[in-house]
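1. What follows is a protein structure lacking sequence information:
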């Protein structure tokens, strides 16, 4: 009986190496739009070869914080190429509601600016070698939920959006 269990374990390891040895890889990616530098966060499973569906992750009004990065990592573990974009500019993250409100109003005050910033992040995801350009969606949380709705309104080339309390 013990030999069968050991053999089954060995076979499982041999036949499913990606499940045993895969790891989510991440990197920060800087990009520019209208003179503003942004820095997003890309996450992917390095055990998967080739293109995979992409998911754009749009942060809450706090800025690109740990929560948004963790969501990208969770999506990567599920086999997606996930990019958490930056809507405010490199390094703009806060836990103060007044500052978050100010930053979100600066973006949402102009529909063009709002849509351009979201679409700039989408282009970073689209250009990544691991992204299947025909299978991209966007998800967002609160401010980000409203942002992905703006992407849908703008006719962005994505398969769908999911707004969490947008």
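-> Thanks, I have it. Keep in mind that this is a model prediction, so the values were computed, not measured.

2. How about the secondary structure of residue 162?
-> strand (DSSP: H, G, I helix; E, B strand; the rest coil).

3. what about the spatially closest residue to it that is not a sequence neighbour, distance to residue 99?
-> In space, and not counting its chain neighbours, residue 162 is closest to residue 139: 4.5 Å by C-beta to C-beta, 6 or more residues apart in numbering. Where you see a C-beta, it was placed from the backbone N, CA and C, and this is true even at glycine. Distance from residue 139 to residue 99, counting by C-beta to C-beta, to the nearest Å: 24 Å.

4. For the protein, just list every one of the strands.
-> Secondary structure of the chain (DSSP state E): strands at 24-33, 36-45, 52-58, 81-84, 131-141, 160-164.

5. Just checking, which helix or strand of this structure averages the lowest pLDDT?
-> One helix or strand of the chain scores below all others by mean pLDDT, DSSP states H and E: helix 2-15, with a mean of 41.

6. re the thing from before, I'd like the strands of the chain laid out as CSV, including mean neighbour count.
-> Output for the strands of the chain, formatted as CSV (neighbours: other C-beta atoms under 10 Å):
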stretch, mean neighbour count
strand 24-33, 14
strand 36-45, 21
strand 52-58, 26
strand 81-84, 29
strand 131-141, 19
strand 160-164, 15
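
7. can you tell which of the ones you listed is closest to residue 114?
-> Closest to residue 114 of the strands of the chain, according to C-beta to C-beta: strand 52-58, at 10.7 Å.

8. Neighbouring strands of that closest one in the sheet, and parallel or not?
-> strand 81-84 (parallel), strand 131-141 (parallel) (DSSP bridges).

9. Pull the residues that contact that strand.
-> Residues from elsewhere that reach strand 52-58 (C-beta atoms under 8 Å, 6 or more residues apart in numbering): 44-45, 68, 71-72, 75, 79-85, 87, 118, 121-122, 125-126, 128, 130-133, 135-141, 143-145, 147-148, 158.
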